[in-house]
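> Sharing a sequence plus its predicted fold:
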Amino acid sequence: MAAILIRPHLGRKSRLRLLVLQVLMLSLFLTLLARLWFVQVLTGDTYQAQAADQSIRELVVQPARGLIVDDMGRTLVANRTSWVVGVDRTLFQRLSTQQQTDVLHRVAKAVKQPYRTVKARTVLCGDPGAAKGTCWNGSPYQPMPVAEDVSQAVAVDILEQAEDFPSIVTQQQSVRAYPSPYGVNAAHLLGYLSSITSTEMAAAKKSGDTSVNGASEVGRAGLEKSYDRWLRGTPGYKRVTVDSQGRVIGDDSEVSAEPGDTLVTSIDAKVQAVAEQNLQGAIQTARSTYDKVTHKNYVADSGAVVVMDAHNGRIVAMASQPTYDPSEWVGGITQKQLKALYSKKNDYPLVSRATQGQYAPGSTWKPIMTAGALSNGYSEDTRLDCSSGLQVGNRWFKNYESESYGQISFAQALSVSCDTFFYRVGLAYWQKYGSDPSNVDAKDPLVKEAKSFGMGKATGIDIPGEASGRVADRHWKARYFTSMKSYYCHVAKKRTTSDYMKLFATQFCAEGNLYRAGDAVNFAIGQGDTLVTPLQLSRAYAAISNGGTLYAPRVAKAIVSPDGKTERVIKPQVVGHVKAKKSALDYVDQALQETPRTGTLAWKFNGFPLDKVKIRGKTGSAEVQGKQSTSWVATYTKDYVVVMMVTQGGTGSGTSGPYVRNIWQSLYGVDGEKVNSANSVLPDAKTPKGLPVFARDGSILPPVSTRSAE
């Protein structure tokens, strides 16, 4: 009886539970159905697009950088194909920590680089552990290059052993190449490239510049930097489809990269080669020559040569020593190589002595002083005593090797390079206008003339990093005293200081701001604290040649598009005119013809046909405290200027003279006493007026016209 009463109760309870379960299942089914409808119908398009995006990656396609060619169309900088080993970050992150370490060790061994270097290049800039200069600044979806410019054999080995190199990719890219026509180096002219920095990338994004990306290389020096925006081209973008493992399975779309423009320069490769070879010859000669003053051979630690078109300031050739190999920067530069380039022991090869080196001009300064004197009270009939020395205050200023020529003219003083003649000119102006040494505003015609010739400020050449030189006038001396007084006063009190430095520091501490007569006479012969660059001096002599016009020197002539269309012609730019009487410039021009005939250059120009190639010139041997003298030769015709300088190289004529002569022989086709323009390194001994011809097949031909440029 009891059992019969319990069963109905249990049956009703089971049916209730079954009903609840049925309602719950129905609710879940309806919820799932609603969600499917929402995903597939209401928002289906959105999710489909997101799924597609996850299967497509956008890769940057780097453009081929534009060529740099000389005035005849010869290639100075080109491109070549290079193998790059990279890491696919998406696949790399799917590996275990141990697998990542193992594969990077294998890569490091294959490319012969330290593991830590390879590892550092797999870190995104901005992530923890990112190292400045080595972290990856590009897209995280772009393969991260860990070794560039590897051999094809290494790249093939990695490709063939893919199972040992998971997530590692090898690909080809375009890098800079240097054909070196006629063996030219021209490193300081051409410059080099290196990877864009995160700061530069951020600035580009802020300005809306789309021509660069995280994988871009940008110009760091020379023409590569000055004309980077034209040379770099425009990147392309390639969208590829990938599978769930990140492997590329097809192309989706592509925007082609646009190659950079070609830069046509005024450099002539043949003249550049001649200039480089003769600069090296002058340095080697100096190093094998005994210096009777220091009782050892000349050190000749650096030098420069400039060949300029006197008509317009265009650079035909320019070289500097020591130099470097620009190809060292291709594919990344090692720390050892970089250290060598910035090494004092190697005399800082990255510094262009032609545009960045600053030196006392010595006697090459005297033509400028002559123009100033003849424009400010002196006449062509003036005669002054070229004595063996001159007493100025408590100091005896002697002539070079104590020579004495008696009463001579400005022309004779230039020819024999008489110091005491110009001492008297400088002293006379100081006595007339500025005998108060504390008067910083005293008139000084010679200082004014030097600045009129463009000294003391950059020439404006289209090569970055140019030095400004220095005109050591009263204002400069006052500023220098203010900035250095505490230093020299401290040096004067030190017991370990040398006798010379102690005396100098003591005098400077007491009256270093005063512009005395000794400063004025030193200024007149290009000694003291005045400094010039070889380029500044070349531009000044070009102004004497062309009648007083100062040009901003130019290396680039034109920018040409990849299809051969001239996009921009870079014309000579007039930046000033020498403030001197025309008669004064004409007088200097005539007087300087005697230097290679009967003056200080004559012994190096014997037998040269000066009646046919009328070279004007001036030598200089600038004295530098604690070092051997700097050798200068500055020469010009109505066509060109050739200036050579060798630091710690001895006399101007003795060291640089014969090599400057060699350059002139090459320019005009001189053979003995004969002149044959057909033998010139230039067509008809003239720089081409027109631009190279860009043929449809991609070849570059010499200009149609070879007449001298205006």
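Happy to help now that I have it. Keep in mind the model is a prediction, meaning the values are calculated, not measured.

> in the stretch 151-300 of the chain, which ranges drop under the pLDDT threshold?
Scanning the stretch 151-300 of the chain with the threshold set as pLDDT under 70 gives 240, 242-253.

> change it to 80
Along the stretch 151-300 of the chain, the model assigns pLDDT under 80 to residues 198, 214-215, 238-254.

> what about the strands in it?
Remark: strands assigned in the stretch 151-300 of the chain by DSSP state E, counting those that start in this stretch are 168-177, 193-195, 217-219, 236-242, 248-255, 262-265, 290-291, 296-297.

> quick one: which of these is nearest residue 642?
Among the strands of the stretch 151-300 of the chain, strand 262-265 comes nearest to residue 642, with 18.4 Å by C-beta to C-beta. All C-beta spots, glycine's among them, are computed from the backbone N, C-alpha and C.

> CA atoms of stretch 522-538 as CSV?
The C-alpha trace of stretch 522-538 is given here as CSV (Å, rounded to 0.1, in the frame of the first residue of the first chain):
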residue,chain,number,x,y,z
ASN,A,522,99.5,88.6,-39.3
PHE,A,523,96.1,89.1,-40.9
ALA,A,524,97.6,90.7,-44.0
ILE,A,525,99.6,87.6,-44.8
GLY,A,526,97.0,85.0,-44.0
GLN,A,527,98.4,83.9,-40.7
GLY,A,528,97.1,84.2,-37.1
ASP,A,529,93.6,83.0,-36.4
THR,A,530,92.1,83.5,-39.8
LEU,A,531,90.9,80.2,-41.4
VAL,A,532,89.6,79.2,-44.8
THR,A,533,88.4,76.1,-46.5
PRO,A,534,90.0,75.0,-49.9
LEU,A,535,86.5,75.5,-51.4
GLN,A,536,86.3,79.1,-50.1
LEU,A,537,89.7,79.9,-51.5
SER,A,538,88.8,78.4,-54.9
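
> wait, isn't residue 382 in contact with residue 408?
No: Residue 382 lies out of contact with residue 408 (C-beta atoms under 8 Å); the separation is 9.7 Å.

> re earlier: highest mean neighbour count out of the strands of the stretch 151-300 of the chain?
strand 262-265 (a mean of 26; mean count of other C-beta atoms under 10 Å).

> just how off-centre is it within its chain?
Chain-centre distance of strand 262-265: 16 Å, with C-alpha atoms, centre = their mean, to the nearest Å.

> So what touches it?
Under the criterion C-beta atoms under 8 Å, 6 or more residues apart in numbering, residues 66-71, 73, 76, 189, 223, 227, 230-231, 555-562, 691-692, 694, 700 lie in contact with strand 262-265.

> repeat for stretch 100-114
85, 87, 92, 95, 115, 117-119, 122, 146-147, 150, 154, 157-158, 164-168.

> and residue 439, which of the strands of the stretch 151-300 of the chain is closest to it?
Among those, strand 290-291 sits nearest to residue 439 (C-beta to C-beta), with 40.6 Å.

> and the contacts of strand 262-265, which of them are in strands?
68, 69, 76, 556, 557, 558, 559, 560, 694, 700 (DSSP state E).

> any chance of the residues you listed in a markdown table, with pLDDT and neighbour count too?
Shown next, in a markdown table, are the ones in strands among the contacts of strand 262-265 (pLDDT from 0 to 100; neighbours: other C-beta atoms under 10 Å):
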| residue | pLDDT | neighbour count |
| --- | --- | --- |
| 68 | 98 | 27 |
| 69 | 98 | 26 |
| 76 | 98 | 22 |
| 556 | 98 | 22 |
| 557 | 98 | 26 |
| 558 | 98 | 21 |
| 559 | 98 | 21 |
| 560 | 97 | 24 |
| 694 | 94 | 21 |
| 700 | 95 | 20 |
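
> okay, and for the stretch 451-600 of the chain, where does confidence drop off?
495-497.

> 50 instead, please
Of all residues in the stretch 451-600 of the chain, none has pLDDT under 50.

> Show me where it has its strands.
549-552, 556-560, 566-569, 573-577.

> List the pairing partners of the second one within its sheet, with orientation.
Going back to what we said before, that points to strand 556-560. strand 262-265 (antiparallel), strand 566-569 (antiparallel) (DSSP bridges).

> These into CSV, with extra columns for distance to residue 495?
Formatted as CSV, these follow (distance: least, C-beta to C-beta, whole Å):
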stretch, distance to residue 495
strand 262-265, 56
strand 566-569, 63
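
> OK, contacts around the nearest residue to residue 192 once chain neighbours are set aside?
In space, and not counting its chain neighbours, residue 192 is closest to residue 329: 4.0 Å by C-beta to C-beta, 6 or more residues apart in numbering. Contacts for residue 329 (C-beta under 8 Å, 6+ apart) come out as 176, 192, 193, 194, 220.
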